[in-house]
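> sequence below, structure please.
(one chain, ligands or ions: 1)
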Amino acid sequence: MKTAVYRTALLMFSACVLAGAQTPAAAPPVDAAALARVAGAGLMQSQVNTTLEELSDDIGGRVTGSPQCNAAIQWALAKMREIGLANVHAEPWTLDHGWRRVSAEAELLAPVRHPLNVASMGWVGSTPQGGVDADVVAVNIFDLAGEMKTHAAAWRGKVLLLRGEGQPPKNPMSVFTQLAAFLRAAHEAGAVAIIGGQSARPAAGMELTHTGVLGFNTVFEIPVVNMGAEDQLQIERFLDRGKPVRMHMDVQNEISGPTPTANVVGDIPGREDPGQIVVIGGHLDSWDLAEGATDDGTGAVAALGAARAILASGERPRRTVRVVLFTGEEQGLLGSLAYVQRHRADMANHVAAIILDEGQGPIDSIEVGGHDKVIDELAPLTASLRGFGKLEIGDRSSFGTDAGPFILAGLPGINLGQDSPNYRYTHHSAADTFDHVRPGVLIRNAAELGVLAYWAADRPQRLDAPWTPAQVAAELKAQHLDEELKAFGLWTFGN
Ligand SMILES: [Zn+2]
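Numbering: from 1, shown residues only. Sure thing, here's the model as predicted:
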């Protein structure tokens, strides 16, 4: 018996050696057992929920440039060191304008009297101290150009209520692109305030207001409030029946000058090629009506959890996995733009950026930012990732998250989509609190991000090589994103 076992073992050993010596190319590109150890550590040794509870409940809303955001930067530095990341540091950058919410109050005066639920949008101005009484006039957001041309003269002293009438434009982004010109024209015409929302959308949810900015890296002097849908719909019904509507509006904000902030960076150095970098991250900043738990506490904490899983697995990928927690996302991807600018000379050594920023639901898609080759490269991993749940893979380029600036720099800026139906309520609202986070889903997302990051960093060949600016411009035009990017001031490719 002993001899037979020994012989069998010896034969198996020889077979392994032969396989290793003769067919190295046939070996799996990334060690599946290593990926399984990362997934296992991510699922079984997770601390993401306690980490997010700290960031949400203890620090709270984190408007870029605010004391709370600065506290979050210090917290993130300490957390990265505690996890065991190397090269942990802050990368300072400057926001052109700081902004602080003071108060927003409104009351319907006629035809009936009651308080109105409003919140100021971000990076907008104030009414005179003590507020103003004004009549309300509707403005059709589907025809802002026409409204400016024919009605601006009648806007002096009025509150303008943005609502959609008739057919919406084919490209919903065209509303957003005209909004800046409209807000400036309304201010010039002497309107006292605007009722509207981000991308001119009305509020979602039961008496919830949603804040946000109305342009990238810009300030509008006219006060703009978002109003609870129920209050706004009553005003719209009065206007539809020809009843004059009058309201009191008192909005106070503080706009300041250049304001320092910082992205937070920490590395898992690669074992063979530490100069090659896979970025994973989300944004540390948030809005302030609540505590930014789902936007984007979940993404920031999942990136930290993914790094912790890789370190806990005992495995080290070939290249560096870098966690970057950005600030200034909510003001127009400003932190990720600053990161790309700061590392411009080193962008060719960046392999990809993988961003998680779509709320509290499970990851359900990978969008590779136009780099179709990455879809093929992902194929061997796709079946394993589907062990986590439903997953679609597409080539869409996302400029709604920090993936965008990496796409502009020619890299696969990979956005992870999430199935988050309740995000429309929690996003930018007073309901963005820790109790809306699903603990099991957050653990799963962090583990999945860890697997994806390890895989991207450990492949023998890098993912799709960086594109030239001409290649990037052609792909963005093919995806019909050029107009939108020009409107955001992000198009740097000429005509
Ligand atoms: Zn976000």
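> and the stretch 251-400 of the chain, which residues reach the ion?
Remark: the part of the stretch 251-400 of the chain in contact with the ion comprises D295, D296, D357, using Cβ under 5 Å from the ion. To be clear about C-beta, it is placed using only N, CA and C from the backbone, and glycine gets the same treatment.
> reformat the residues you listed as TSV; add distance to L144, neighbour count and secondary structure.
Output for those, formatted as TSV (distance: Cβ to Cβ, whole Å; neighbours: other Cβ atoms under 10 Å; DSSP: H, G, I helix; E, B strand; the rest coil):
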residue	distance to L144	neighbour count	secondary structure
D295	27	27	helix
D296	30	31	helix
D357	28	25	coil
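> residues touching the residue of the stretch 301-450 of the chain found nearest the ion, list them.
The ion sits closest to D357 of the stretch 301-450 of the chain, with a gap of 4.4 Å, by Cβ to the ion. Neighbouring residues of D357 by Cβ atoms under 8 Å, 6 or more residues apart in numbering: G282, H283, D295, D296, G299, E329, G400, T401, D402, N415.
> now the residue nearest the centre of the chain, what's its secondary structure?
Geometric centre of the chain, nearest residue: T401, 3.7 Å, by Cα atoms, centre = their mean. At T401 the chain is in coil, as set by DSSP: H, G, I helix; E, B strand; the rest coil.
> and it, what pLDDT?
For T401, the model assigns a pLDDT of 96.
> verify the stated contact: it with E358.
Yes: when contacts are counted by Cβ atoms under 8 Å, T401 is listed as touching E358 (7.4 Å).
> phi, psi of W75?
Taking degrees, to the nearest 10, you get phi -60, psi -40 for the backbone angles of W75.
> contacts only, for whichever residue of the stretch 1-150 of the chain sits closest to the ion.
The nearest approach of the stretch 1-150 of the chain to the ion comes at R62, 11.4 Å away (Cβ to the ion). Shown in contact with R62 (Cβ under 8 Å, 6+ apart): Q68, C69, A71, A72, L284, D285, S286, D288, G292.
> let's see it at 7 Å
Neighbouring residues of R62 by Cβ atoms under 7 Å, 6 or more residues apart in numbering: Q68, C69, A72, L284, D285, S286, G292.
> quick check, nearest of those residues to K486?
D285 (25.2 Å; Cβ to Cβ).
> TSV for the contacts of D357, including distance to H427?
Formatted as TSV, these follow (distance: Cβ to Cβ, whole Å):
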residue	distance to H427
G282	14
H283	13
D295	5
D296	10
G299	12
E329	13
G400	11
T401	12
D402	16
N415	16
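> which one of those has the most neighbours?
D402 (33 neighbours; other Cβ atoms under 10 Å).
> wait, it touches V324, no?
No: with contact defined as Cβ atoms under 7 Å, D402 does not count as touching V324 (8.2 Å).
> what's the overlap in contacts for the two?
In contact with both D402 and V324: G281, using Cβ under 7 Å, 6+ apart.
> in stretch 143-156, what's buried?
Under the neighbour-count criterion of 16 or more other Cβ atoms under 10 Å, stretch 143-156 has D143, L144, E147, M148, H151, A152, W155 buried.
> quick one, what contacts A72?
L55, I59, R62, L284.
> still on that earlier bit, excluding chain neighbours, what is closest to the residue of the stretch 1-150 of the chain closest to the ion?
Excluding the flanking residues, the one nearest R62 by Cβ to Cβ, 6 or more residues apart in numbering is C69, at 4.2 Å.
> same deal with T51?
Nearest non-adjacent residue to T51, counting by Cβ to Cβ, 6+ apart: V301, 4.9 Å away.
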